[in-house]
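**Student:** Sequence and predicted structure below; questions after.
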Amino acid sequence: MSELISIIIPGYNEGKRILLMIEALSAFCQKHFPQHEIIFVDDGSTDQTWAMVNSLHDCPFFHVIRSGKNRGKGYAVRKGMLAARGQYRFFTDVDIPYGTECFLLALKTFKDSGCDMVIGSRDLPESWDQARVRWIRKIASRLFSIVVNIFLHIHIRDSQCGFKGFTAKSAQRIFSYSTINGFAFDVEIFVLAKKLGLSIEKLPVTLITNQHSKVRLTRDPFRMFIDILKLSCRQWNSGLFR
């Protein structure tokens with residue numbers, strides 16, 4: 001694998017686990033990718049996260065982007081994707097919930113299929129929920145997918161899986177147009193990909209951990225629904241690329 005691989009990690013108040021994540025991900029990348037970069041986007045953390053990651057500034061493969069305030073995961077991923085230099089660019093969460101092997105499978109899929117995007121999908125028969133996600137979250141995820149299909153006609157059953165990969169060209173095109181800063185940014189990715197005619201391949205994933213999900217079922221679903229309505233209005237008015 002001679003191409004440069006970029007891995008973007010958005011994070012907010014991750015001081016308790018950020019260094020362990022970087023150590024584990026760095027060891028994996030050094031073993032498998034001769035050329036790689038890890039970009040951590042600090043989304044306005046108020047704990048010791050910034051001090052910890054800033055202490056690693058001498059590491060040539062590790063880069064940090066800092067937001068002055070907490071803007072949302074969508075904002076953090078967008079900043080990281082547009083700053084990345086890799087021919088293939090991925091984002092995942094701080095706790096690497098789907099492990100590291102998914103990066104290898106995704107790269108093989110890129111090579112074999114020539115697709116523009118690779119997405120983890122927990123609804124595939126080969127996927128496995130090792131973390132045992134609570135039933136209420138599974139129901140909420142399924143209902144959200146139904147709402148997305150109704151309002152946006154995007155037939156993706158698992159839009160919120162936290163592992164996605166892009167070629168450099170598709171990343172630049174999608175994230176140059178994306179505007180949603182909250183958790184519904186994943187849906188906007190699919191809307192833009194459809195508009196741009198990009199090809200997508202699904203990957204089975206194994207959810208290893210889900211203990212630190214930042215999605216709050218008492219608050220975030222309403223905000224995500226508002227974002228879906230905004231996307232629907234933009235589609236109706238043909239304003240996605242304005």
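**Tutor:** Cool, got the structure.
**Student:** so Val205 sits right up against Thr100, yeah?
**Tutor:** No - contact between Val205 and Thr100 fails when scored by C-beta atoms under 8 Å: they sit 11.7 Å apart. Placement of C-beta: from N, CA and C, glycine included.
**Student:** what residue ranges in this protein score low on pLDDT?
**Tutor:** Across the chain, residues meeting the criterion (pLDDT under 70) sit at 1, 130-135, 137-139, 141, 210-220, 235-242.
**Student:** Break down it into its helices, ranges please.
**Tutor:** Along the chain, the segments classed as helices by DSSP state H run 18-32, 49-54, 73-83, 101-113, 135-152, 168-177, 185-196, 220-236.
**Student:** that older thread, between Val205 and Thr100, point out the one with more neighbours.
**Tutor:** For Val205 against Thr100, the residue with the higher neighbour count under other C-beta atoms under 10 Å is Val205, and the figures read 26 against 17.
**Student:** Name the nearest residue to the more buried one, ignoring sequence neighbours.
**Tutor:** Nearest residue to Val205 in three dimensions, chain neighbours excluded: Gly120, at 4.0 Å (C-beta to C-beta, 6 or more residues apart in numbering).
**Student:** hey, what's that neighbour bridged with?
**Tutor:** Beta-bridge partners of Gly120, counted by DSSP bridges, are Leu203.
**Student:** And it, how far from Val41?
**Tutor:** With the distance defined as C-beta to C-beta, to the nearest Å, Gly120 ends up 19 Å from Val41.
**Student:** Glu101 - how many residues pack around it?
**Tutor:** A total of 12 residues lie near Glu101 under the criterion other C-beta under 10 Å.
**Student:** Same check on His153?
**Tutor:** Under the neighbour criterion other C-beta under 10 Å, His153 is assigned a count of 11.
**Student:** for the one 5 residues further on, same thing?
**Tutor:** When counting by other C-beta under 10 Å, one arrives at 19 neighbours for Asp158.
**Student:** Would you agree it is in contact with Asp123?
**Tutor:** Yes - look at Asp158 against Asp123 with C-beta under 8 Å: they come within range, at 4.9 Å.
**Student:** shared neighbours of those two, which are they?
**Tutor:** Among the neighbours of Asp158, none is also in contact with Asp123 (C-beta atoms under 8 Å, 6 or more residues apart in numbering).
**Student:** Mind listing the residues bridging to the closest residue to Asn54 other than its chain neighbours?
**Tutor:** Of all residues beyond its chain neighbours, the one nearest Asn54 is Val64 (6.4 Å), with distances taken as C-beta to C-beta, 6+ apart. Going by DSSP bridges, Val64 is paired in beta bridges with Phe40.
**Student:** Share the number of residues neighbouring the residue nearest to Asp93 when sequence neighbours are not counted, please.
**Tutor:** Nearest non-adjacent residue to Asp93, counting by C-beta to C-beta, 6+ apart: Gly162, 4.7 Å away. One way to gauge burial is a neighbour count; for Gly162, by other C-beta under 10 Å, it gives 23.
**Student:** same thing with Ala171?
**Tutor:** Residue crowding around Ala171 was assessed by other C-beta under 10 Å; the count is 27.
**Student:** Surely it touches Phe90?
**Tutor:** No - taking contact to mean C-beta under 8 Å, the distance of 9.6 Å between Ala171 and Phe90 leaves them out of contact.
**Student:** beta partners for the residue nearest to the spatial centre of the chain?
**Tutor:** Averaging the C-alpha coordinates of the chain gives a centre point, and the residue nearest to it by C-alpha atoms, centre = their mean is Phe91 (4.1 Å). Beta bridges link Phe91 to Ile8, Lys164, judged by DSSP bridges.
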